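Visitor: Just the structure for this:
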Amino acid sequence: MLAGFRTFAKSPFAVLLFGLLIVSFAIFGISDVFKGPRGSGVVSAGSRTLSAQDFKLRFDNYRKEIEQRNGEALTPDQAVERGVDRQILQELALQESIAAAIHDMGVAPSDKLVGNIVHEQMSQLPPTQRPFNPITGKFDSQAYAALLAQNNLTPQTYEASLRDEIAQAHFFSAVGAGLKAPRIYAALQGAYLMEARDIAAFAINPASIEKPAPPTDAQLTAFMKENAERLTRPETRVLSIMRVSAKALEPTVALNPADVQKAFDFRKDSLAKPETRSMIQIVAPDAKAAATISQRLSKGEDLAAVAKAFGKTPLILTDKPKSAVPDRKVADAAFTLAVGQVSAPITGELGVSVIKVTKVTPGVVPTLESVRQQVEAEVRAQAAQTKAYDQTQAYQDAHDGGADLVAAASKAGAMVVTTAPITAQGADQTGQPVAGLTPDIIKTAFGLSQGGESELVELGKGEYYAVKVEKVVPAAMPPLAEIKPQLTAVWLGQEMGKRLKAKAEALAARVKKGESLEAVAASAQSQVQKVSGLSRQNAQQHMGLGREFLGAAFNAKPGEAFVARAGQQGEAFVVAKLDAVHAAPPAAVAQIAAYAQTQTASGLMRDLGEASRNAAKTQLKTKSNLTLARQAIGVDTDALAKADAAKVGKKAS
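Guide: Numbering: from 1, shown residues only. Predicted structure coming up:
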């Protein structure tokens with residue numbers, strides 16, 4: 001069964017079958033991880049329930065990923081405003097639904113299969129992370145549990161999630177194995193892609209349109225109200241940030257040679273490189289077997305062959321100091337042998353074994369000159385951290401004595417930077433990120449009121465900060481006088497666009513009544529251009545015509561006249577007519593049908609996968625509690641409801 005699972009995982013079907021699952025797992029985790037008690041209510045699908053705590057963990061994981069990728073903080077309130085909470089909740093509802101439906105069908109992997117896959121996955125980790133005993137090579141359950149704990153998992157929750165993944169893989173592999181998309185699907189796709197169209201069109205000459213007069217202030221004010229949501233500037237804050245940085249203080253540190261010597265003397269042993277040895281160890285069944293192994297190795301027989309004769313696998317230790325050899329008696333013996341020597345049987349703390357030394361690297365005792373640069377850097381960094389700490393103590397004493405952030409920083413000799421107005425995303429009024437602002441500083445600042453000062457915050461390694469909110473500028477539209485030139489340009493552009501469109505529609509109406517496209521174009525001081533053989537397959541080559549024009553061309557009926565924007569930025573209006581539609585050549589359609597069979601089946605399988613998740617959700621009557629989900633991530637749902645009601649009332653009025 002395990003072999004079959006591996007084979008399917010490598011097949012083309014698996015790429016698309018699991019694509020949907022992999023993407024969702026990468027962000028939200030597998031549905032059964034952190035499974036909560038029944039009745040907690042954020043998502044309920046059949047016998048499965050996702051708790052508020054579970055949802056918070058998923059949300060926090062997603063938020064961390066966004067912050068790391070974009071370098072900006074994402075608060076719960078911002079997540080709600082952007083609809084992120086709804087998206088996560090919807091995805092989790094689909095995950096829980098398909099997992100519950102497959103479980104109800106009786107698809108459940110055996111404990112042995114789960115155990116095999118756990119071992120296989122753990123063996124693929126880097127050597128230092130694998131939960132296997134380095135001597136015996138056996139699976140170490142305690143190391144396994146510790147590894148999972150680092151990721152907020154337990155063996156039970158991890159293996160439960162793995163059961164879901166295996167069950168879904170087996171279910172969809174069975175579906176995929178019996179699926180063969182009819183060739184007519186690929187043929188229809190080929191016919192659709194290669195259908196060709198001949199288009200004739202002319203552009204409206206802007207010179208033929210009367211330019212609009214500059215808008216009045218009343219018109220601009222009305223225009224601002226119509227676009228209030230787009231024009232409203234977000235809340236900004238002016239901050240004074242006190243920073244103490246050991247890294248920045250390092251150049252000011254004067255080194256005392258005595259301190260450098262003292263540090264070297266203290267670190268001398270740790271800076272030394274001990275003698276290391278590489279060896280091969282064979283653990284013998286008993287003393288008699290060990291003697292035989294020693295004799296055969298001493299004669300030059302192959303290590304692997306000798307070990308195999310006794311049902312053993314040689315253990316290879318590479319460049320290990322004496323302290324890193326697990327068995328003390330083996331270590332003592334190994335560090336008395338020369339390169340190529342084989343030991344006599346060693347009765348160690350972990351059994352009887354024989355070793356052969358393959359490499360010896362002598363130890364190195366450092367001198368101050370050989371490591372001076374490293375030692376001086378460490379002394380300088382330590383002195384700078386002490387200096388930074390003294391500055392923070394001086395700042396704290398002054399601040400506790402009643403001085404504000406700026407005055408306390410001045411007494412301590414610390415650096416203070418006052419920013420221009422910044423948004424909650426750490427950007428200035430032009431939308432550019434402000435240098436030196438970290439997500440922690442921004443989060444702290446936007447948790448204070450105007451005039452508020454934060455406590456001294458330690459970031460580690462001699463880095464500290466404190467923030468004062470000097471001014472809060474509420475979200476508001478800018479005054480008309482400030483943006484009048486830009487607003488006027490936009491208003492004139494939109495007004496000109498309206499007139500161009502109206503002119504184009506009037507000319508198109510004449511074509512629809514029977515006038516030739518050429519005659520109408522001439523009357524508008526324009527010329528007809530033709531595009532022949534336009535198809536969905538070659539549309540990429542005609543992107544200069546613009547997406548709106550291409551979309552209208554493919555939706556038009558033969559002989560139909562239409563109006564569309566054209567150009568990369570939609571800068572022109574055109575009147576066009578679909579002259580002819582040419583069916584795809586049968587030979588080309590047949591060729592596409594043959595080549596696209598696998599792709600068509602994969603696409604069908606992908607659609608079936610998504611349909612299965614939605615069908616499971618409907619069949620199980622899966623319920624989602626958005627209010628509870630929002631409360632779990634710290635959103636004030638009562639205040640949110642009042643704000644929504646106020647918005648509705650404002651729109652109604």
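Visitor: tell me the SS of residue 291?
Guide: With DSSP: H, G, I helix; E, B strand; the rest coil as the basis, residue 291 sits in helix.
Visitor: right, I mislabeled it, should have said residue 515
Guide: coil.
Visitor: if I look at it, how far off is residue 524?
Guide: Distance, residue 515 to residue 524, by C-beta to C-beta, to the nearest Å: 12 Å. (C-beta placed from N, C-alpha, C; glycine too.)
Visitor: Looking at those two, which has the bigger crowd around it?
Guide: residue 524 (19 against 14; other C-beta atoms under 10 Å).
Visitor: The more buried one against residue 206, yeah?
Guide: No: if you go by C-beta atoms under 8 Å, residue 524 and residue 206 don't touch, sitting 11.0 Å apart.
Visitor: Low-confidence ranges, this protein, go.
Guide: Residue ranges of the chain with pLDDT under 70: 1-40, 71-72, 134-136, 152, 596-597, 645-653.
Visitor: buried set for stretch 186-193?
Guide: Within stretch 186-193, the residues that count as buried by 16 or more other C-beta atoms under 10 Å are 186, 187, 189, 190, 191, 193.
Visitor: Among those residues, which one lies nearest to residue 614?
Guide: Proximity of the buried residues of stretch 186-193 to residue 614 (C-beta to C-beta) peaks at residue 189, which lies at 23.4 Å.
Visitor: what about the closest one, helix or strand, and which?
Guide: helix 183-194 (DSSP states H and E).
Visitor: by contact count, what packs against that helix?
Guide: helix 586-595, helix 597-619 (3 or more C-beta pairs under 8 Å, 6 or more residues apart in numbering; DSSP states H and E).
Visitor: export the last one as CSV, just CAs?
Guide: Extracted in CSV, the C-alpha atoms of helix 597-619 (Å, rounded to 0.1, in the frame of the first residue of the first chain):
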residue,chain,number,x,y,z
GLN,A,597,-5.6,14.8,-23.4
THR,A,598,-3.6,14.6,-20.2
GLN,A,599,-3.9,18.3,-19.6
THR,A,600,-7.7,18.1,-20.0
ALA,A,601,-8.0,15.2,-17.6
SER,A,602,-5.9,17.1,-15.1
GLY,A,603,-8.1,20.2,-15.4
LEU,A,604,-11.2,18.0,-15.0
MET,A,605,-9.7,16.4,-11.9
ARG,A,606,-8.9,19.8,-10.4
ASP,A,607,-12.5,20.9,-11.0
LEU,A,608,-13.7,17.7,-9.4
GLY,A,609,-11.5,18.2,-6.4
GLU,A,610,-12.9,21.7,-5.8
ALA,A,611,-16.5,20.5,-6.4
SER,A,612,-15.9,17.7,-3.9
ARG,A,613,-15.0,20.1,-1.2
ASN,A,614,-18.0,22.3,-1.9
ALA,A,615,-20.3,19.2,-2.1
ALA,A,616,-19.0,17.9,1.2
LYS,A,617,-19.7,21.2,2.8
THR,A,618,-23.3,21.3,1.5
GLN,A,619,-24.0,17.6,2.4
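Visitor: now the following helix or strand past it: how far from the chain's centre is it?
Guide: Downstream of helix 597-619, the first helix or strand assigned by DSSP H and E is strand 623-624. What separates the centre of strand 623-624 from the centre of its chain is 26 Å, taken as C-alpha atoms, centre = their mean, to the nearest Å.
Visitor: Return the list of helices and strands in contact with strand 623-624.
Guide: strand 43-45, helix 84-104.
Visitor: deepest of the ones you listed, which one?
Guide: Stretch with highest mean neighbour count among those: strand 43-45 (a mean of 25; mean count of other C-beta atoms under 10 Å).
Visitor: what about the nearest residue to residue 43 once chain neighbours are set aside, how many residues close to it?
Guide: The spatially closest residue to residue 43, leaving aside those adjacent along the chain, is residue 50, at 3.9 Å (C-beta to C-beta, 6 or more residues apart in numbering). Residue 50 has 27 neighbours, counted by other C-beta under 10 Å.
Visitor: Correct me if wrong: residue 50 contacts residue 42.
Guide: Yes: under the criterion of C-beta under 8 Å, residue 50 is in contact with residue 42, at a separation of 5.0 Å.
Visitor: joint contacts of the two?
Guide: residue 92 (C-beta atoms under 8 Å, 6 or more residues apart in numbering).
Visitor: what sits against the closest residue to residue 536 other than its chain neighbours?
Guide: Spatial nearest neighbour of residue 536, excluding adjacent residues (C-beta to C-beta, 6+ apart): residue 193 at 4.9 Å. Counting by C-beta under 8 Å, 6+ apart, residue 193 makes contact with 535, 536, 537, 584, 592.
Visitor: any idea which of these is closest to residue 285?
Guide: When the contacts of residue 193 are compared against residue 285 (criterion: C-beta to C-beta), the nearest one is residue 592, at 65.6 Å.
Visitor: close enough to count as contact, the closest one and residue 187?
Guide: Yes: at 7.5 Å, residue 592 counts as touching residue 187 under the criterion of C-beta under 8 Å.
Visitor: can you list the helices and strands packed on strand 623-624 in JSON lines and add distance to residue 544?
Guide: Formatted as JSON lines, the helices and strands packed on strand 623-624 follow (distance: least, C-beta to C-beta, whole Å):
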{"stretch": "strand 43-45", "distance to residue 544": "47"}
{"stretch": "helix 84-104", "distance to residue 544": "35"}
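Visitor: Select, out of the ones you listed, the one closest to residue 182.
Guide: Judging the helices and strands packed on strand 623-624 by C-beta to C-beta, what sits closest to residue 182 is helix 84-104, at 25.9 Å.
Visitor: helices or strands up against the closest one?
Guide: helix 19-28, strand 43-45, strand 48-50, helix 52-70, helix 155-177, helix 597-619, strand 623-624, helix 626-632.
Visitor: What is the single longest helix found in the chain packed up against?
Guide: The longest helix of the chain (DSSP state H) is helix 480-512. Applying 3+ C-beta pairs under 8 Å, 6+ apart, we find helix 480-512 packed against helix 217-226, helix 517-523, strand 561-566, strand 572-582.
Visitor: Can you say which of these is packed in most?
Guide: strand 561-566 (a mean of 22).
Visitor: CA atoms only: put that strand into CSV for me.
Guide: Presented in CSV, the C-alpha positions along strand 561-566 are these (Å, rounded to 0.1, in the frame of the first residue of the first chain):
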residue,chain,number,x,y,z
ALA,A,561,-20.6,46.7,-34.4
PHE,A,562,-19.3,47.5,-30.9
VAL,A,563,-17.5,50.2,-28.9
ALA,A,564,-14.5,49.5,-26.7
ARG,A,565,-11.5,51.1,-25.0
ALA,A,566,-8.2,50.2,-26.7
